[in-house]
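Engineer: Sequence and computational prediction follow.
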Amino acid sequence: MPKHGKKYLAALAKVDRSRLYSPAEALALVKETSYAKFDATVEAHLRLGIDPRHADQNIRTTVALPHGTGKTVRVLVFAQGEAVQVALDAGADYAGSDDLIARIDRENFFDFDVAIATPDMMGKVGRIGRKLGPRGLMPNPKSGTIVPAADLPRTIREVKGGRVEFRNDKTGILHVAIGKVSFSPQQLAENFVALMDAVKAAKPSGAKGTYIRSVTLTSTMGPGVPVDPLAAQNFKP
């Protein structure tokens, strides 16, 4: 068992582990028990009734959080020709073709959070898939990061504005940032509802039994607050 400090233990003492909180109560408690000296991230952790060993039960999709995550998202776009300038004009932090691919391959350049590509670039991008893949940066149609040049401005705007990708881990749990402790209760609540709606919409047809088995809300370094899964699915802020 890891040894926790006094601040964590004091925060933990405010959480009644024997009960399931409503989403509104849990979000308020997450804000109250955050003791980090920085603006901590608020995260939702959902244990799902899926079997990750079956490819058709794995979840990988996106959600547009109405208030974003509170984090500045750096976007890199793999494109060529006129699409490079289109991407830069739309707010991409980096855009290019062979130059960026070589930089990632040779210099291990990963100073970005999301990579987007036009379809005609995927043959080249595939060559560095072994580097992008493990970091979750490989453009993928399921996450909406392979788009025609004409859709680059909208996609870049959405990603920078709060569209986040999420996927289950190998144990069937989702870990998704839904904002910062500095967000208002209403902002966090609306982001949480958007996430729950996206999770429900992504339910695999092969999932059997209870789909959303547990929900926990927490802040960076703070204690987890257990949420009533049924209340979480029907929550209206």
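Structural biologist: It's in.
Engineer: can you list the domains in this protein?
Structural biologist: Annotated domains of the chain cover 6-69+163-233, 75-161 [automatic domain parsing].
Engineer: could I get the ones you listed as CSV with mean neighbour count and mean pLDDT?
Structural biologist: In short, each C-beta sits where N, CA and C put it, glycine included. Conversion of the domains of the chain to CSV gives the following (neighbours: other Cβ atoms under 10 Å; pLDDT from 0 to 100):
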stretch, mean neighbour count, mean pLDDT
domain 6-69+163-233, 18, 94
domain 75-161, 17, 95
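Engineer: residue boundaries of the strands in the chain?
Structural biologist: Taking DSSP state E, the strands of the chain run over residues 41-48, 60-64, 75-78, 94-96, 114-117, 163-167, 173-180, 212-219, 225-227.
Engineer: which other residues reach stretch 44-58?
Structural biologist: Residues external to stretch 44-58 that are found in contact with it (Cβ atoms under 8 Å, 6 or more residues apart in numbering): 59, 167-176, 178, 192, 195, 199, 204-218, 224.
Engineer: Which strand residues bridge L217?
Structural biologist: Note on L217: beta-bridge partners A44, V225, judged by DSSP bridges.
Engineer: For it, list the residues it contacts.
Structural biologist: Shown in contact with L217 (Cβ under 8 Å, 6+ apart): P23, A26, L27, V30, V42, E43, A44, H45, F192, G224, V225, V227.
Engineer: Please name the nearest non-neighbouring residue to the third one.
Structural biologist: When the adjacent residues along the chain are set aside, L27 lies closest to L188, with 4.9 Å between them (Cβ to Cβ, 6 or more residues apart in numbering).
Engineer: Q85 versus the one you found, what's the distance?
Structural biologist: Using Cβ to Cβ, to the nearest Å, one gets 38 Å for the distance from L188 to Q85.
Engineer: counting contacts, what elements does the longest helix seen in the chain pack onto?
Structural biologist: Counting by DSSP state H, the longest helix found in the chain is helix 185-201. Counting contacts by 3 or more Cβ pairs under 8 Å, 6 or more residues apart in numbering; DSSP states H and E, helix 185-201 packs against helix 23-33, strand 41-48, strand 60-64, strand 173-180, strand 212-219, helix 229-233.
Engineer: now these in JSON lines, with distance to V125?
Structural biologist: Compiled in JSON lines, those are given as follows (distance: least, Cβ to Cβ, whole Å):
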{"stretch": "helix 23-33", "distance to V125": "38"}
{"stretch": "strand 41-48", "distance to V125": "29"}
{"stretch": "strand 60-64", "distance to V125": "18"}
{"stretch": "strand 173-180", "distance to V125": "26"}
{"stretch": "strand 212-219", "distance to V125": "34"}
{"stretch": "helix 229-233", "distance to V125": "37"}
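Engineer: Relative to T155, which of these is closest?
Structural biologist: Taking Cβ to Cβ, strand 60-64 is the member of the helices and strands packed on helix 185-201 nearest to T155, at 10.4 Å.
Engineer: which residues are in contact with that closest one?
Structural biologist: Counting contacts by Cβ under 8 Å, 6+ apart, the residues outside strand 60-64 that touch it are 140, 142-144, 158, 161-168, 176, 194-195, 197-198, 201-202.
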